[in-house]
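>>> sequence and predicted structure below; questions after.
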Amino acid sequence: MRLRVVGCSGGSVKDRFLSCFLLNDTVALDAGGLTGPLTLEEQRALLELAERSTSLTQERFEELAELPRPLVGNLDGPRAAARLIGMANHIAGRQ
């Protein structure tokens, strides 16, 4: 078993993130800090994928959404797609 701490400061300020853990890079135990450790480049890529989702077929977007396993864990297509859209909305300040 591998446990990765991706935020543990108990608060969200510059370079300090809310508690979040990844178990075996597939299961996220999140208290709101999962997107914080993403680099700016990773955040941009996630936003771009979410924006492109409207020009893709639903099936293709769901297929692509399953690829970033550290973010979506073992979620299947529709649930993985919903997770990524939710994360993109959070990054963009829409949630």
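Received the coordinates, thanks. Numbers count the residues shown, from 1 in each chain.
>>> only C-alpha atoms from now on, for both contacts and neighbour counts.
Noted.
>>> next structured bit after the lowest-mean-pLDDT helix or strand in the chain?
For the chain, counting by mean pLDDT, DSSP states H and E, strand 27-30 ranks last in confidence among helices and strands (a mean of 64). Sequence order places helix 40-52 as the next helix or strand after strand 27-30, per DSSP states H and E.
>>> packing partners of that next one?
helix 77-91 (3 or more Cα pairs under 8 Å, 6 or more residues apart in numbering; DSSP states H and E).
>>> pull out the buried positions in the helix it packs on.
For helix 77-91, a neighbour-count test (16 or more other Cα atoms under 10 Å) marks G77, A80, A81, A82, R83, L84, I85, M87, A88, I91 as buried.
>>> from M1, how far out is the fifth one?
I take that to be R83. 24 Å (Cα to Cα, to the nearest Å).
>>> same question for the second one.
For A80, the distance to M1 equals 23 Å [Cα to Cα].
>>> closest one of the buried residues of helix 77-91 to A45?
Nearest to A45 among the buried residues of helix 77-91, counting by Cα to Cα, is A88 at 9.5 Å.
>>> please consider this matter closed, and thank you.
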